[in-house]
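Participant: What follows is a predicted structure for the sequence shown.
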Amino acid sequence: MKILVIGGTVFVGRHIVEAALSSGHEVTLFNRGEHNPDLFPEVETIRGDRALNLERLQGLKWDVVIDTCGYLPRVVRMSTEVLHSSCDLYVFISSGSVYKDKSKFGINEDAPLEVPTNLEAEEMTDETYGELKVGCEQVVQAAFGDRALIIRPGLIVGPYDTTDRFTYWPLRVAAGGRVLAPGNPERQVQFIDGRDLAEWTILLGERKVHGVFNAIGPDYSLSMAKFLNECKAASNSNAEFVWASDDWLAEQSVNRWTDMPLWIPEKCEAGGFLYRDNSRGIATGLKFRPVRETIADTLKWWQSERVGTSLKEGLKREREGQLLAILTGC
């Protein structure tokens with residue numbers, strides 16, 4: 001199978017290229033060469049900016065195009081216009097942020113979506129991210145119809161993660177000692193290893209599957225307590241978890257998701273963000289490696305490639321210590 005990957009050298013795109021190559025497929029990359037330009041020397045690479053140089057793809061043919069970095073509908077529209085006759089399947093990596101009501105738990109792919117207000121936007125913000133992804137989906141679906149595959153990942157985790165939203169926990173737990181743990185210990189959390197997402201994406205491409213799919217796991221109920229204990233086991237840590245309620249954390253001005261990755265208060269407008277229906281994806285072959293494996297591999301990656309750098313997300317140790325002292329009185 002011949003595959004064009006738009007992007008392909010950062011996190012998800014990198015995993016997709018690795019999965020495609022390991023399955024014996026022929027890959028072409030189209031990107032600006034600004035990130036890891038020498039990562040895949042054996043792969044054909046066409047340099048260009050998707051907003052400026054798409055003519056370099058004109059007239060070329062692939063079985064599947066995988067768009068890993070579409071954020072603005074206007075720019076995605078340019079890609080679909082150039083590539084409309086160039087592939088049998090156009091795969092767009094979207095986001096779970098597209099759903100309108102993020103307070104609901106367990107929603108599936110048919111749930112109402114955000115309504116785009118500016119399809120010609122030139123900039124994406126945290127506030128407009130979800131609706132612009134909806135706009136991108138609409139552009140792809142209008143152009144490709146039953147040749148369009150829309151994948152909506154939840155939090156993507158594992159090696160090469162550039163956000164550190166998941167990585168905070170394996171590293172913090174591995175460091176041991178008293179660890180401030182957020183919210184209800186039995187609250188469910190969901191995420192997907194970037195490698196699982198990549199392998200499934202290639203599988204769907206091979207089968208020419210179209211439609212819309214949530215991409216989030218695992219395939220069982222994973223509580224925050226179980227996840228943290230998996231972190232503890234993976235690193236053989238002596239961590240002691242000290243749990244703080246949603247209300248207490250809010251009173252202390254602890255920011256959800258950034259100060260406390262994987263924490264969203266259950267009773268808020270985004271309370272259902274970490275709990276969606278993944279049955280449609282599982283029915284098409286979506287599989288999940290053991291959570292402990294993802295944790296261990298994240299630690300190995302950090303130790304080999306990120307040692308000496310700082311986490312972008314999560315509480316600083318001094319701030320965590322202050323909160324623990326307030327919470328426990330010692």
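Facilitator: Ah, there it is.
Participant: what about the helix ranked longest in the chain, average pLDDT?
Facilitator: Secondary structure of the chain per DSSP state H: the longest helix is helix 129-144. In this model, helix 129-144 has an average pLDDT of 98.
Participant: Tell me the first helix or strand C-terminal of that helix.
Facilitator: strand 148-153 (DSSP states H and E).
Participant: Just want the angle from that next one to helix 129-144.
Facilitator: Between strand 148-153 and helix 129-144, the angle comes out at 160 degrees (axes from the mean of the first three to the mean of the last three CA atoms, to 10 degrees).
Participant: Helix or strand next in line after strand 148-153, which one?
Facilitator: strand 156-157.
Participant: tell me what that next one is packed against?
Facilitator: Under the contact definition 3 or more CB pairs under 8 Å, 6 or more residues apart in numbering; DSSP states H and E, strand 156-157 sits against strand 192-193, helix 194-207. Every residue, glycine included, has its C-beta placed from N, CA and C.
Participant: Tell me which other helices or strands the shortest one touches.
Facilitator: Looking back up the chat, that one is strand 192-193. Using 3+ CB pairs under 8 Å, 6+ apart: strand 192-193 touches strand 156-157.
Participant: same thing but at 10 Å, please
Facilitator: strand 156-157, helix 194-207, helix 291-301 (3 or more CB pairs under 10 Å, 6 or more residues apart in numbering; DSSP states H and E).
Participant: Looking at the ones you listed, which is nearest to residue 89?
Facilitator: With CB to CB as the measure, helix 194-207 is the member of those nearest residue 89 (6.1 Å).
Participant: Could you spell out the sheet neighbours of the next helix-or-strand element following that closest one, each with its direction?
Facilitator: Once helix 194-207 ends, the next helix or strand along the chain (criterion: DSSP H and E) is strand 211-215. Paired with strand 211-215 in the same sheet, following DSSP bridges, are strand 148-153 (parallel).
Participant: Relative to the whole chain's centre, how far out is the strand it pairs with?
Facilitator: Relative to the centre of its chain, strand 148-153 is centred 12 Å away, using CA atoms, centre = their mean, to the nearest Å.
Participant: repeat for stretch 19-26
Facilitator: Counting by CA atoms, centre = their mean, stretch 19-26 comes out at 21 Å from the chain centroid.
Participant: Put the alpha carbons of that stretch into CSV.
Facilitator: In CSV, the C-alpha atoms belonging to stretch 19-26 read as follows (Å, rounded to 0.1, in the frame of the first residue of the first chain):
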residue,chain,number,x,y,z
ALA,A,19,3.6,1.5,12.0
ALA,A,20,3.3,1.8,8.2
LEU,A,21,6.9,0.9,7.6
SER,A,22,6.8,-2.1,10.0
SER,A,23,3.8,-3.4,8.0
GLY,A,24,5.7,-3.2,4.8
HIS,A,25,4.0,-0.2,3.2
GLU,A,26,5.6,2.4,1.0
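Participant: what's the domain layout of the chain?
Facilitator: Using automatic domain parsing, the domain parsing of the chain gives 2-153, 168-189+220-273+290-324.
Participant: With respect to residue 268, which of the helices and strands packed on strand 192-193 lies nearest?
Facilitator: strand 156-157 (22.1 Å).
Participant: Other residues contacting that closest one?
Facilitator: Residues from elsewhere that reach strand 156-157, judged by CB atoms under 10 Å, 6 or more residues apart in numbering: 11-12, 15, 93, 95-96, 162-163, 165-167, 169-170, 191-198, 215-216, 261-262, 291, 294-295, 298.
Participant: swap in stretch 307-322?
Facilitator: 161-169, 171-172, 175, 177-180, 182, 242, 252, 254-255, 257-262, 302, 323.
Participant: Can you name the residues bridging to residue 148?
Facilitator: residue 90.
Participant: Selecting buried members of the contacts of strand 156-157 in ChimeraX, what would you type?
Facilitator: The ChimeraX selection below is limited to those of the contacts of strand 156-157 classed as buried (16 or more other CB atoms under 10 Å):
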select :11,12,15,93,95,96,165,166,167,169,170,191,192,193,194,195,196,197,198,215,216,261,262,291,294,295,298
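Participant: re the thing from before, need the helices and strands packed on strand 192-193 in CSV (columns: mean pLDDT and distance to residue 67).
Facilitator: Shown next, in CSV, are the helices and strands packed on strand 192-193 (pLDDT from 0 to 100; distance: least, CB to CB, whole Å):
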stretch, mean pLDDT, distance to residue 67
strand 156-157, 98, 15
helix 194-207, 98, 11
helix 291-301, 98, 25
